[in-house]
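Visitor: whatever this is, show me its structure:
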Amino acid sequence: MKTGRRKMLAAREDLAEKIGQIAASKGFTIFGMLNNLLELAIRADAMGVSLENAVDNYELIKAVRSASFALVLESLLYDTADIAFEKSKEQTLKTWFEAGSWIGREYITKGVEDPFASLRRDMKAFSWNIPEFTMEKTEKEVSVRVLSPRFPESYTLLFNRFLEGILEAFNYAVTHQEIGKGNIRLEGSARGGDGKR
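Guide: Purely as a prediction, here's the structure:
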């Protein structure tokens, strides 16, 4: 098999040392490791994807798995929400609120520097089917905006409760909300140290 001639590539010393360590730990030579990385970069470029985006997407998949999210058909999610909402409205709303509260606590306790920013990044990524999704907070206030024309009324109400559960976990009390089919606007304020809303 014909192989190409070697060509020298320059790299920062710290990066070259790190690549050498990784190569050794994986049983590669530095030559083999670099060729592998270059082949991956070429494959990614041919697909129109940067390696940076590929790594970001892998981190997203890990975050989705870690937070116990699952990918489902959008129509299946909405239809199932309709059925559950119709059969047991109060219990379904309670379940979605508790799920939001659980997710919020998971992010708070997973040891990241800014749990809210981490949650906001992941929620925005998980909600790629939502045309407008924003979560902003200051020390004292929080606001959430969701706009998705495809949301049925039942799913809008359930997703709203999910978001309220998240805010509850982060110790924000909802002070204002506007909810319409496919449209959610929540505003909240931080609770005092006495736990009062």
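Visitor: the bottom helix or strand of the protein by mean pLDDT?
Guide: Within the chain, no helix or strand scores below helix 51-66, which has a mean of 77 by mean pLDDT, DSSP states H and E.
Visitor: from the chain's centre, how far out is that helix? Work that out for me.
Guide: Mean-position distance between helix 51-66 and its chain equals 9 Å (C-alpha atoms, centre = their mean, to the nearest Å).
Visitor: may I have it as CSV, with CA atoms only?
Guide: Listed next in CSV are the C-alpha coordinates belonging to helix 51-66 (Å, rounded to 0.1, in the frame of the first residue of the first chain):
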residue,chain,number,x,y,z
LEU,A,51,-14.3,19.6,15.0
GLU,A,52,-15.3,22.3,17.6
ASN,A,53,-19.0,21.8,16.7
ALA,A,54,-18.6,18.0,16.8
VAL,A,55,-17.1,18.2,20.3
ASP,A,56,-19.8,20.6,21.5
ASN,A,57,-22.5,18.2,20.1
TYR,A,58,-20.8,15.3,21.9
GLU,A,59,-20.8,17.3,25.2
LEU,A,60,-24.5,18.0,24.6
ILE,A,61,-25.3,14.3,24.2
LYS,A,62,-23.4,13.6,27.4
ALA,A,63,-25.4,16.3,29.2
VAL,A,64,-28.7,15.0,27.8
ARG,A,65,-27.8,11.5,29.0
SER,A,66,-26.7,12.8,32.4
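Visitor: so which bits of that helix are buried?
Guide: residue 63 (16 or more other C-beta atoms under 10 Å). Heads up, the C-betas are built off the backbone N, CA and C, glycines and all.
Visitor: what helices or strands is it leaning on?
Guide: Under the contact criterion of 3 or more C-beta pairs under 8 Å, 6 or more residues apart in numbering; DSSP states H and E, helix 51-66 touches helix 30-46, helix 115-126.
Visitor: from those helices, which stretch is densest packed?
Guide: helix 115-126 (a mean of 17; mean count of other C-beta atoms under 10 Å).
Visitor: after it comes which helix or strand?
Guide: strand 132-137 (DSSP states H and E).
Visitor: from the chain's centroid, how far away is that next one?
Guide: On C-alpha atoms, centre = their mean, the centre of strand 132-137 falls 13 Å from that of its chain.
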